[in-house]
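Q: The following block contains a protein sequence and its predicted model.
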Amino acid sequence: MQVSAPALALERITVTFVSPVGASATARFTAVKDATLMVRPGEFVSVVGPTGCGKSTLLNIAAGLLEPSAGEVRVFGERLAGLNRNAGYLFQTEALLPWRTALGNVTAGLEFRGVARAEAGRRAEAWLQRVGLRGHGHRYPHQLSGGMRKRVALAQTLILDPQIILMDEPFSALDIQTRQLMENELLELWSVDRKSVVFITHDLEEAISLSDRVVVFSAGPASHPIGEFEIDLPRPRDVAEIRLSPRFVELHTKIWQAMKQEVLKGYEQQKSQ
Amino acid sequence: MNSRKASRFLRLWQVLILAGVFVFWQVATDPELLPPIYFDNPNKAAFFFGQPLEVLARVWVWFSSGSIYGHLWVTLLETVLAFVIGTASGLGVGLWLALSPTAAALLDPYIKAMNAMPRVILAPIFGVWFGLGMASKVALGVTLVFFIVFFNVYQGVREVSHTVLANARMLGAGERQLLRHVYIPSATSWVFASLHNSVGLAFVGAVVGEYLGSSEGVGYLILQAEGTFDINSVFAGILVLTAFALVLDWLVTLAERRLMVWQPRSGETERI
């Protein structure tokens, strides 16, 4: 492992989906074209862009769940083949195993890796406590609220101590209050041992308040990065308060200028479909 | 009205309907209560339709003399064997085909054909192959149960949420762990949805098999009674079969409640 190597490097990634239409014809759809994204160790990077711009596709590439049509993924300097074992993935939709209790979900990763059950249980209890779910370990996902399920998912991923955390609009289904609470908790958990984070969102305010850097993607198809912005807001931050600071507003205005055209383009495309 | 009262009220009416049917049946078949409407002979109605009091008396005699236990045991054993073997093989084959698309594509027309075939017609062949004992009945039940479970498992595995699957992969699950911790639990919930059906069909397999050729079992009892135009015994046999089918169904419900705790039931609240 080189010291200077980025934690995650997506180099000139192109993703083209092929789907059969009829007997001989195929439809091609290029979701991402020539996208390059670097994430330094310990850096919190947000990717923003209009809905349907292939942000999730990019994250699946980084996770190794999807193979790029062209381009290369490097993880700490090494070429990625197969699943990204250094990454944890927080999904947008429900991803917990519904037949396992909250505790069982948190221990799942450890069990898959062969950690003894008692040891896994002990560590999972500690993690449930860290995400504020002490005493809820025996509940099944359907017995928990949306926010609680996200916390379980967070503990499930973080217990494995991934060097890179990939998040796909993890809080988009939550109400605004719960969401801000979760964002603060995420920042707190992250600040303990700064892992690299790629955070996908369509919410610019969320992106700015959480990140070290915000990358703006163009509207799809053939989505690619069109701008990068360093966020020099001081840490630790409170996501609710920082939105009121003048520097935040300044950054927001600047990034929004870059994004606006793309959002409108994306909106028009969705309308015409 | 609270829910407990409402359910008691419902139960009362359900019993009343049953009683009503029996009373109507008794009155309509009694040679003296009503003047003959359709039949020229007042005893004909009772001959063709039996009489509930006679039927119940027959059931009582069967159980009090103990003559039915042997037959019941045989029928239930056939049912349970058919159910267990059919479910296990349906689960196994369903998982296999769902997880290996090539095999599924290859066998697809045969599976469709076998499912489309009216499989009860296999009973005589099974009689030739496995004799007139229990084995042929179990075989018939298995063919009925297998397909129900098989199709449900096949469906269940294919409908595993992609996100859940991707999540388990990212958490480090290998192929075997995916099978054990994702595919099988997911398929199980679909199997349970089909268990009520398959218990019923296992029973059908056993009884139809007995009916077509056997020397013991409740189906055999019914066949014997029919041969001597003993309609009351036929109905008594049907009554006993129905009661035990309900008991089996109830046992499945119990098992389902125990094993499917993770599934949300509509309107579930926690009692404190």
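A: Received it, and whenever you're ready, just let me know what you need.
Q: residue contacts, the closest residue to residue A:141 other than its chain neighbours?
A: Nearest non-adjacent residue to residue A:141, counting by CB to CB, 6 or more residues apart in numbering or on different chains: residue A:96, 4.6 Å away. Every residue, glycine included, has its C-beta placed from N, CA and C. Residue A:96 is in contact with A:105, A:141, A:149, A:152-153, A:156, B:164, B:167, counting by CB atoms under 8 Å, 6 or more residues apart in numbering or on different chains.
Q: can you put the residues you listed in JSON lines and add pLDDT and neighbour count?
A: Shown next, in JSON lines, are these (pLDDT from 0 to 100; neighbours: other CB atoms under 10 Å in any protein chain shown):
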{"residue": "A:105", "pLDDT": "94", "neighbour count": "26"}
{"residue": "A:141", "pLDDT": "91", "neighbour count": "22"}
{"residue": "A:149", "pLDDT": "92", "neighbour count": "21"}
{"residue": "A:152", "pLDDT": "93", "neighbour count": "28"}
{"residue": "A:153", "pLDDT": "93", "neighbour count": "23"}
{"residue": "A:156", "pLDDT": "93", "neighbour count": "29"}
{"residue": "B:164", "pLDDT": "93", "neighbour count": "19"}
{"residue": "B:167", "pLDDT": "93", "neighbour count": "26"}
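Q: Sort out which one of those residues lies nearest residue B:29 for me.
A: residue A:141 (57.0 Å; CB to CB).
Q: you'd agree that closest one is up against residue A:105?
A: Yes: in this structure, residue A:141 is within contact of residue A:105 by CB atoms under 8 Å, at 7.2 Å.
Q: Now do the shared contacts for those two.
A: Common neighbours of residue A:141 and residue A:105, counting by CB under 8 Å, 6+ apart, are A:96-97, A:152.
Q: right, and out of the residues you listed, which lies closest to residue B:226?
A: Using CB to CB, residue A:97 is the member of the shared contacts of residue A:141 and residue A:105 that lies nearest residue B:226, at 53.1 Å.
Q: Which of the helices or strands spans the residue most central in space within chain A?
A: Nearest to the geometric centre of chain A sits residue A:167, at 1.6 Å (CA atoms, centre = their mean). Using DSSP states H and E, residue A:167 sits within strand A:164-168.
Q: Quick check: nearest residue in space to residue A:220, chain neighbours excluded?
A: Once flanking residues are discounted, residue A:220 sits nearest to residue A:53: 4.4 Å by CB to CB, 6+ apart.
Q: quick one: which helix or strand includes the one you found?
A: If you go by DSSP H and E, residue A:53 is not part of any helix or strand.
Q: So what's the residue count around it?
A: Residue A:53 sits with 28 neighbouring residues when counted by other CB atoms under 10 Å in any protein chain shown.
Q: circling back to that earlier point, can I assume the residue nearest to the centre of chain A is in contact with residue A:90?
A: Yes: at 4.4 Å, residue A:167 counts as touching residue A:90 under the criterion of CB under 8 Å.
Q: Please report the average pLDDT across the strand holding residue A:167, rounded to a whole number.
A: For strand A:164-168, mean pLDDT rounds to 93.
Q: Contacts for that strand next, please.
A: Contacts of strand A:164-168 from elsewhere in the structure, counted by CB under 8 Å, 6+ apart, are A:7-8, A:39, A:55-56, A:59, A:62-63, A:75, A:84, A:86-92, A:157-158, A:190, A:195-200.
Q: Which ones among those residues lie within strands?
A: Judged by DSSP state E, the contacts of strand A:164-168 include A:8, A:39, A:75, A:87-90, A:196-200 as members of strands.
Q: Of the residues you listed, just say which sits nearest to chain B.
A: For the ones in strands among the contacts of strand A:164-168, the closest approach to chain B (CB to the nearest CB) belongs to residue A:89, at 4.3 Å.
Q: related to what we said a few turns ago, so how far is the strand holding residue A:167 off the chain centroid?
A: Centroid displacement of strand A:164-168 relative to its chain, using CA atoms, centre = their mean, to the nearest Å, is 4 Å.
Q: partners of that strand in the sheet?
A: Looking at strand A:164-168 with DSSP bridges, its partner strands are strand A:87-90 (parallel), strand A:196-201 (parallel).
Q: C-terminal to the shortest one, which secondary structure element comes first?
A: Think strand A:87-90. Per DSSP H and E, the first helix or strand lying C-terminal to strand A:87-90 is helix A:102-112.
Q: Just the buried positions in the next helix or strand after that following helix, please.
A: Per DSSP H and E, the first helix or strand lying C-terminal to helix A:102-112 is helix A:117-130. By 16 or more other CB atoms under 10 Å in any protein chain shown, the buried positions in helix A:117-130 come out as A:120-121, A:123-125, A:127-128, A:130.
Q: Next: stretch B:246-260.
A: B:248-249, B:252, B:256.
Q: pLDDT for those residues - can I get that in CSV?
A: Listed next are these as CSV, based on pLDDT from 0 to 100:
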residue, pLDDT
B:248, 89
B:249, 88
B:252, 88
B:256, 84
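Q: out of the residues you listed, who's nearest residue A:215?
A: Nearest to residue A:215 among the buried residues of stretch B:246-260, with distances taken as CB to CB, is residue B:256, at 49.4 Å.
Q: what about the closest one, distance to residue B:180?
A: Relative to residue B:180, residue B:256 is positioned 21 Å away (CB to CB, to the nearest Å).
Q: got it, and residue A:181?
A: 36 Å.
Q: So those two - more neighbours on which side?
A: Counting neighbours by other CB under 10 Å for residue A:181 and for residue B:180 shows that residue A:181 has the greater number, 17 against 12.
Q: Near the nearest residue to residue B:166 once chain neighbours are set aside, how many other residues are there?
A: In space, and not counting its chain neighbours, residue B:166 is closest to residue A:65: 5.5 Å by CB to CB, 6+ apart. By the criterion of other CB under 10 Å, residue A:65 has 20 neighbours.
Q: residue contacts, residue A:65?
A: Applying CB under 8 Å, 6+ apart, the residues contacting residue A:65 are A:83, A:89, B:166, B:169-170.
Q: coming back round to it: so what's the residue nearest to residue A:141 scoring on pLDDT?
A: In this model, residue A:96 is scored at 92, pLDDT.
Q: Thank you, goodbye.
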